Structures are given as structure tokens and as C-alpha cells.
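J.: Need a 3D model of the sequence below.
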Amino acid sequence: MIKLYGTPPTRALRVIWLLNELGLEYQMLPVDILKGETREAGFLALNPAGKVPVLVDGDLVITESCAIQLYLADKYSQAGFIPEAVEDRAKMYRWIFFLATEIEQPLWRIARHTFLYPKEKQLPEDVDLARQECLEMLAVLEQHMKRRDFMVADRLSVADFNAAYTLDWANEEKMLKDFPALSAYLTSMYSRPTAPPSTSGVVRAPAS
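T.: Next up, the predicted model:
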């Protein structure tokens, strides 16, 4: 059985969502970051970077949530979460990398300098800078998502499960109020019965 190491609301949620969409059985193995469990020898043997999530599928160990998502979508390609056309795959990769580098990274900086770092290491000025950078990139994504239901090719792809988690994080930071297309998209994605719990209070339809 597939094993997933991680604990919500971390990036493990990206993987949980895709596992749910694929209807796969898996064993969830909680890892308490605040208690230092990611720095223990047993976990570091799986991921020397000391971060979650980690997916173990037989003898294969995969780290990095985006890589895990792409692996699962590729292995279970019958679900159609990786576009067939090479041009559409390129667009999917583009938005996955955009989300990870241009939106998630400033959100991560905000988290570090508001509660993850010890008080003496927190830089309030970096929080303001990161927020501004994130808002600028959210504006780019807002333009892309106008009159769209999905990120790429008018159908669900890995980019959508990645985007929904990342935008939920931005929504938790109260950054989506001026982006109606992203807000509507986020609500739509979290209305799926396979969606994991939202961390930002996104309205979700009851699971069927």
C-alpha cells in the first residue's frame, strides 16, 4: 500500500487531494513538525531535507509535493490529469512552477517571519515585501483565470490541485478579496467531494 508521511495543513494536502481523486488506498503516517519528528534519523533516511510530504510506493521514495503529484498522475494516467498534447503539458508545467516559485514562496516567507521563526529572527519588513510580491503574482493569475474553469485545456489537471491548495493558503492570508476569478475558482475546487479540508474557511459542498 502507498504510504504518505505528512500532516495537514502542510503540502501533504496536495498529495491527499490527488490520492482522493484517483480513488487510491493509502496509509497516512502523521509527522509532527513542531515536535521535531522531521529531524529524527528514521525520517531523515526517507528525506534528508527533513520536510514533508514523503510518498513511499513499494521501493520508490518520492519527496517534493509537486513531484509526487506528477508521479501519481503519470502512473495512473487513465484519470487524465496530465494533458495528452505536449503543448498543454507545457502549459501545465508552466503554471505548476509559477505557483511554486511566484506565489508559494512569498507565502512561505510570511509564515516564517510571523510564527515559524523564533521572535528574534523574524523580520516584519520582509512580511510586507512578501505580501506585495504575492499580490502582484496573484494579479497575473487572476487575468489567466478570467472566464476559465480550469488552469489548462478546459479540464482538470495536476495544475488545478496544486493551484487550489496554494490559493487556499493565500486566502487564509486574506489576499484574494480583490481577485473574484480566483475566489470563484477556489470555491469551485473545494466544492469537489474529494477535496481535503480547507484551511481558510472556503465554503465547501457536503461530501457525497
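J.: pLDDT of stretch 19-31, averaged?
T.: Across stretch 19-31, pLDDT averages out at 97.
J.: now for it, what's the gap between its first and last residues?
T.: End-to-end distance of stretch 19-31 (C-alpha to C-alpha, to the nearest Å): 18 Å.
J.: Now do that stretch: distance to the chain's middle.
T.: With C-alpha atoms, centre = their mean, to the nearest Å as the basis, the distance from the averaged C-alpha position of stretch 19-31 to the chain average is 15 Å.
J.: Stretch 88-104 now?
T.: Using C-alpha atoms, centre = their mean, the mean C-alpha position of stretch 88-104 is found 11 Å from that of the whole chain.
J.: Then stretch 89-107?
T.: The chain centre lies 10 Å from the centre of stretch 89-107; the measure is C-alpha atoms, centre = their mean.
J.: same thing with stretch 112-132?
T.: Counting by C-alpha atoms, centre = their mean, stretch 112-132 comes out at 21 Å from the chain centroid.
J.: Give me the contact list for it.
T.: 106-107, 109-110, 173, 175 (C-beta atoms under 8 Å, 6 or more residues apart in numbering). Quick note: C-beta positions are derived from backbone N, CA and C, even for glycine.
J.: In helices, which of those appear?
T.: Among the contacts of stretch 112-132, the ones falling in helices (DSSP state H) are 106-107, 109-110.
J.: out of those residues, who's nearest residue 13?
T.: Of all those, the one sitting nearest residue 13 is residue 107; the distance, using C-beta to C-beta, is 13.8 Å.
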